[in-house]
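Novice: only geometry, no sequence info:
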Ligand code: FES
């Protein structure tokens, strides 16, 4: 028998989050952040639960989830690599860095490696424009990243994983 989304454990947690925010539609972004913090992502299945709780349409909630790059529909890998593609970084060859990152990790943006170790994401300004091109790995900011610096950072990151 299929479980209704609102009766699933994820649905219940999403409903609790909405309730803590007074089921207010203007708190949608905060609600989504909190749901993602608790569940590791905003699963498709909880979108109707949130929509119902705060009296918005599914399309409205879905639109916000897909518009903001911070929200993901499946849990991220153990390491999250974010590369900035905004203007300042673009003017400093971030597209070359993106191509290198995708080729070396064998991932596209928004993808996670099969072993669950790495998720690659594109972001639009990390507030580090003076040191473009910028990237962030597991919350740590890196500036003036070229292909070889990228390789060093990833080697360090992945070796920590095996220690
Ligand atoms: S544009 Fe890349 S850090 Fe601001």
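Specialist: Nice, I can see it. Everything quoted here is computed from the prediction, not taken from an experiment.

Novice: What's the separation between residue 151 and residue 44?
Specialist: Per CB to CB, to the nearest Å, residue 151 is found 35 Å from residue 44. Every C-beta, even on glycine, is put in place using the N, C-alpha and C of the backbone.

Novice: show me what contacts residue 19?
Specialist: Contact partners of residue 19, counting by CB atoms under 8 Å, 6 or more residues apart in numbering, are residue 53.

Novice: Give me the local confidence score for it.
Specialist: Per-residue confidence (pLDDT) for residue 19: 97.

Novice: right, and the secondary structure at it would be what?
Specialist: helix (DSSP: H, G, I helix; E, B strand; the rest coil).

Novice: how far away is it from the ligand?
Specialist: The gap separating residue 19 from the ligand is 37 Å, by CB to the nearest ligand atom, to the nearest Å.

Novice: Just the buried residues of the biggest helix by length in the chain, please?
Specialist: Secondary structure of the chain per DSSP state H: the longest helix is helix 147-162. By 16 or more other CB atoms under 10 Å, the buried positions in helix 147-162 come out as 150, 153, 154, 157.

Novice: cool, stretch 51-69 as well?
Specialist: Quick answer for stretch 51-69 (16+ other CB under 10 Å): 51, 52, 53, 54, 56, 60, 61, 62, 64, 65.
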